[in-house]
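Peer 1: Predicted coordinates and the sequence they were generated for:
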There are 2 protein chains.
Amino acid sequence: MTVLDLNQPTVTGAAERVGVELGARSYDIVIGNGLLSDASHWMGLPASRHALIVTNETVAPLYAERLTERLATLYREVHLVTLPDGETYKDWPTLQRVFDALLERGCDRKTVLFALGGGVIGDMTGFAAACYMRGTPFVQVPTTLLAQVDSSVGGKTAINHPLGKNMIGAFYQPARVLCDTSTLATLSDRELSAGLAEVIKYGPIADPNFLAWLEQNIDGLRQRDPDLLRFVVRRSCEIKAQVVGSDERESGLRAILNFGHTFGHAIEAGLGFGAWLHGEAVAAGMVMAADLSERLGLATAGLVDRLARLIERAGLPTRGPRLEASEYLRHMRVDKKAEDGDIRFVLIAGIGTAVVRSAPDDMVAASINAHCD
Amino acid sequence: MTVLDLNQPTVTGAAERVGVELGARSYDIVIGNGLLSDASHWMGLPASRHALIVTNETVAPLYAERLTERLATLYREVHLVTLPDGETYKDWPTLQRVFDALLERGCDRKTVLFALGGGVIGDMTGFAAACYMRGTPFVQVPTTLLAQVDSSVGGKTAINHPLGKNMIGAFYQPARVLCDTSTLATLSDRELSAGLAEVIKYGPIADPNFLAWLEQNIDGLRQRDPDLLRFVVRRSCEIKAQVVGSDERESGLRAILNFGHTFGHAIEAGLGFGAWLHGEAVAAGMVMAADLSERLGLATAGLVDRLARLIERAGLPTRGPRLEASEYLRHMRVDKKAEDGDIRFVLIAGIGTAVVRSAPDDMVAASINAHCD
């Protein structure tokens, strides 16, 4: 990991680029304030007659017109499909509406799909692009903090199955990611905090300096200081790009990005998806995973307290909901990382260093019980 | 293309291997009489606790038990899901039954899927494998001639959308293809003939000697001579493997494999899918495409007659159904090969040499009208 230069002043104004190096599938993440209004960052996208914007009912009134305007100079026909908002619609019948729109409008296999929205829209649009005529190009235009710092980068696409979250999907990389940080101004406080959970995770797994920087700047981030937000998106994307560049299909290293996610997944599944936001579940999950790291002697004492303090200041829950430890364990066993029923945890062996390993059920249960209501 | 040595005696008994060279995604096609009963060809498949056989109601009573027996020595848990038979079930609700089975039985992302059946089962199982937990390994065990000589090789997987055939899918390669030619004994005559259409196409597009060989041996093939069938599967797979090896995702050369398919697609769509078998539509489509090749001055006169004679001897239609030429054209414009409404035809410039190009609508209409009832 590159070391963060805390003395380097944050550049204001111009947009910044972070490269994701994946050979023929390499692409740029462009980060800047006001990208949706600046034509210069939209040059060089895949050529086609047709473009299709996929968005949801919440985002459409805010940004669909601006994106349509941007694309109208690049594509002869710009179509729009607006899906209902929320995790409960991350399913096949809703995805089918994207395919319907593509076929009804005569879109060929060069058609470029644009995902305008948060993580759900990005995951669904990417999966639609992966499958339509066996693959069309797509571009991520994330409008939430969670999507800008995490889900829009790396090519994980999916929909949910009634029996499991993100169970049906593909690894399919976008042609570009365009993060307009000015869209973060319209996020609710709750959504902003949820995004901060995925930001915070990068500290323990990859970068002690970034964790320290977050501790200094968490209040400014919650107040939506544009420079701080842009920096946090860039640094998160840099770390994610490095991890994904070395392990695109999660055969090893990439799993560290799931720090807190195995416990978090159990919280989401146990309460029913949508009750807690993904980032909220990950936040409480990180505290449990940190506890398990300490309990197994991997991390020195103090990690749990330090992480919980930052998570709390970010406006996020540090404790899981009241569920039996056995129920947590049951949900964790159907996690995609589980192999042959063996749960794989991302644990912290000193801040900045993650390891992936299994753990005895009683130790896991102790970590859960210590950090749930 | 390698030249076929017609003097080389067909080896009897032992199985043969044809390699598909795709770098890290390379795999073998194994061809032999009685492979389902011979453990030696099943070694070295991807390791896992779980295997899932996907088959249909017609094939299950014939071969599911034998395959289960074969896999029971390799995998701790061998599951079976039996789908209804037919093109009309190549849809999302039916595919969902595969995902249901995988999740209900706790199958992780190392689970190996086995496609036991014809083209529909192969396409659906491959697509399920491509999507389940973003990708699990799968193995093709084709039991129809069409699947053994064409659809099981090359990694095209898909389901149909109400508005178009094979519109939702993925390029996803199998780990191995196991063609037990003894299963061809249980095919209906009509299914056997339909498979021969995809065999015949390899002559005009790639191999004049193979076309001549087919003209000599078509009667023996229809009488299901095991050595002739095995040879025809091997030679077809060799040609297909070469084409796919040089253009996996159909950015160029691979399109030649669709000879007869653009017209054939219009026949299938125009009559409603399932009225004609895919191979039957391709057969009449090849005659139209040959006619268009002659009409455009690409092929010398005589190609149409020669091809039609062989197609007829194979028990296949040489003329399309009564549909308006304008209806053919309408369906052809939504073909996946069409770009920006421009239909791309696979045409023959001398036997063994295919080209892909567009053609004036009136010429296309003339070719259709000359060869439909």
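Peer 2: Yep, that arrived. Numbers count the residues shown, from 1 in each chain, chains lettered A, B, ... in the order given.
Peer 1: Need the contact partners of the lowest-mean-pLDDT helix or strand in chain A.
Peer 2: Across the helices and strands of chain A, the lowest-confidence element by mean pLDDT, DSSP states H and E is helix A:325-333, at a mean of 90. Identification of contacts with helix A:325-333 by CB atoms under 8 Å, 6 or more residues apart in numbering or on different chains yields A:262-263, A:265-267, A:269-270, A:320, A:338, A:341, A:343, A:361, A:364-365, A:368-369, B:106. All C-beta spots, glycine's among them, are computed from the backbone N, C-alpha and C.
Peer 1: now check whichever helix or strand comes after that helix, is it near chain B?
Peer 2: Sequence-wise, the next helix or strand downstream of helix A:325-333 (DSSP states H and E) is strand A:345-348. No. Using CB under 8 Å from any CB of the partner chain, we find that strand A:345-348 stays clear of chain B, coming within 15.8 Å at best.
Peer 1: Would you mind naming what in the stretch 151-300 of chain A lies close to chain B?
Peer 2: A:156-158, A:161, A:163-164, A:167-171, A:249.
Peer 1: Nearest to B:Gly350, out of those residues: which one, please.
Peer 2: A:Ala170 (40.4 Å; CB to CB).
Peer 1: what about the strands in chain A?
Peer 2: A:16-20, A:27-32, A:50-56, A:77-83, A:112-117, A:138-142, A:156-161, A:164-171, A:176-180, A:345-348, A:354-357 (DSSP state E).
Peer 1: Need those strands in a markdown table (columns: mean neighbour count and mean pLDDT).
Peer 2: A markdown table is the format used below for the strands of chain A (neighbours: other CB atoms under 10 Å in any protein chain shown; pLDDT from 0 to 100):
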| stretch | mean neighbour count | mean pLDDT |
| --- | --- | --- |
| strand A:16-20 | 18 | 96 |
| strand A:27-32 | 22 | 97 |
| strand A:50-56 | 25 | 98 |
| strand A:77-83 | 19 | 98 |
| strand A:112-117 | 29 | 98 |
| strand A:138-142 | 28 | 98 |
| strand A:156-161 | 23 | 96 |
| strand A:164-171 | 21 | 94 |
| strand A:176-180 | 26 | 98 |
| strand A:345-348 | 26 | 96 |
| strand A:354-357 | 18 | 95 |
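Peer 1: Show me the contacts of helix A:325-333 that map onto helices.
Peer 2: A:262-263, A:265-267, A:269-270, A:361, A:364-365, A:368-369 (DSSP state H).
Peer 1: picking that back up, quick one: buried ones out of the contacts of helix A:325-333?
Peer 2: Among the contacts of helix A:325-333, those classed as buried by 16 or more other CB atoms under 10 Å in any protein chain shown are A:262-263, A:265-267, A:269-270, A:320, A:338, A:343, A:364, A:368, B:106.
Peer 1: Just put those residues in a markdown table and tack on distance to A:Asp28 and pLDDT.
Peer 2: Below are these laid out as a markdown table (distance: CB to CB, whole Å; pLDDT from 0 to 100):
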| residue | distance to A:Asp28 | pLDDT |
| --- | --- | --- |
| A:Thr262 | 31 | 94 |
| A:Phe263 | 33 | 96 |
| A:His265 | 31 | 91 |
| A:Ala266 | 36 | 93 |
| A:Ile267 | 34 | 94 |
| A:Ala269 | 35 | 88 |
| A:Gly270 | 39 | 91 |
| A:Gly320 | 38 | 96 |
| A:Ala338 | 34 | 75 |
| A:Ile343 | 36 | 91 |
| A:Val364 | 40 | 96 |
| A:Ile368 | 41 | 96 |
| B:Gly106 | 40 | 91 |
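Peer 1: and which of the residues you listed is nearest to A:Val233?
Peer 2: Relative to A:Val233, the closest of the buried ones among the contacts of helix A:325-333 is A:His265; by CB to CB it sits at 24.4 Å.
Peer 1: roughly how far apart are the closest one and chain B?
Peer 2: 13 Å (CB to the nearest CB, to the nearest Å).
Peer 1: What backbone torsions are found at the nearest residue to that residue once chain neighbours are set aside?
Peer 2: Leaving aside its sequence neighbours, A:His265 sits nearest to A:Asp335 (CB to CB, 6 or more residues apart in numbering or on different chains; 5.5 Å). Backbone torsions for A:Asp335, taken as degrees, to the nearest 10, come to phi -60, psi 150.
Peer 1: For A:Asp335, list the residues it contacts.
Peer 2: Contacts of A:Asp335 by CB under 8 Å, 6+ apart are A:262, A:265-266, A:343-344.
Peer 1: what ranges do the helices span in the stretch 1-150 of chain A?
Peer 2: Ranges of helices within the stretch 1-150 of chain A are A:65-72, A:92-104, A:119-131, A:145-146, based on DSSP state H, counting those that start in this stretch.
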